[in-house]
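Chemist: Okay, predicted coordinates and the sequence, questions at the end:
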Amino acid sequence: MVSAVSRSTRRRASSTSGPSASAHEYFEVFDTHLPAAGIEYYYYAQLGSAYSDQPDEPSLWTIERFADEVEQVRKALGLNKGNFVLLGHSWGGILALEYALRYPGNLKGLVISNMMASIPAYNEYARTVLMPQMDQKALAEILALEKSGQYENPRYEDLLLPNFYVHHILRMPAEQWPDPVLRAFAARRRRRANRPKSGSASQICCIPPDEQPPPA
């Protein structure tokens, strides 16, 4: 799914969102300043995520196919190296990096938001820096839920919100989070609960099991 938000003839950008159950809601802050800067931008949800189709077909979830999908979107929108800036957040950052490596001549610019180029390096950072800072009782329960695959368990999100999200996703009390962020998290819960169980979560299926980051 691709949605145009602002029209311009100067600069054009496309954004790929974060975890596979997430959508673009938290990017709506762009609406307050990018149009005034003359930037045309698009919210892009990859196949199997957010507002796009959700086929129950694990063979589709490869990083190569997702990068080629970005290229199809670029062509369909008529973007080129003179005006195409690709922004990728979280999993979208991995996808944007892969696209840039495969199609470097098509980009005017690349923006990576909240993602490292190495998943093993991120996992090591999470283990040695982030996890020791957390409430250890809550962390133990979070890890137990992850080990048993209970990512759709409401308790999982209830633990992450006060123990991780308010410290590393949006650093303010959750009750003060702006409406677009609240809607993004509410929609993410719904999508995670309803998505196919065979592995259409693009964030996970495109990354080797031993390199997967902690679920967000």
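Modeler: Received the coordinates, thanks.

Chemist: before we move on, what SS does the residue nearest to D53 when sequence neighbours are not counted have?
Modeler: The shortest distance from D53 to any non-neighbouring residue, by Cβ to Cβ, 6 or more residues apart in numbering, is to L47 (6.1 Å). Quick note: C-beta positions are derived from backbone N, CA and C, even for glycine. Classification of L47 using DSSP: H, G, I helix; E, B strand; the rest coil returns coil.

Chemist: L47 and Y151: what is the separation?
Modeler: Separation of L47 from Y151 (Cβ to Cβ, to the nearest Å): 20 Å.

Chemist: what's the answer for D179, then?
Modeler: Per Cβ to Cβ, D179 is found 25 Å from Y151.

Chemist: With neighbour numbers in mind, choose between these two.
Modeler: Per other Cβ atoms under 10 Å, whichever of D179 and Y151 has more neighbours is Y151, with 15 against 9.

Chemist: The more buried one contacts L145, correct?
Modeler: Yes - Y151 lies in contact with L145 (Cβ atoms under 8 Å); the separation is 7.4 Å.

Chemist: any idea which element P180 lies in?
Modeler: Secondary structure assignment for P180, by DSSP states H and E: helix 179-194.

Chemist: what do you get for E40?
Modeler: Here E40, judged by DSSP H and E, is contained in strand 39-44.

Chemist: May I have the strands that pair with that strand, each with its orientation?
Modeler: strand 2-6 (antiparallel), strand 11-16 (parallel) (DSSP bridges).

Chemist: right, and the helix or strand after that strand?
Modeler: According to DSSP H and E, the helix or strand after strand 39-44 is helix 63-77.

Chemist: Many thanks, we can stop here.
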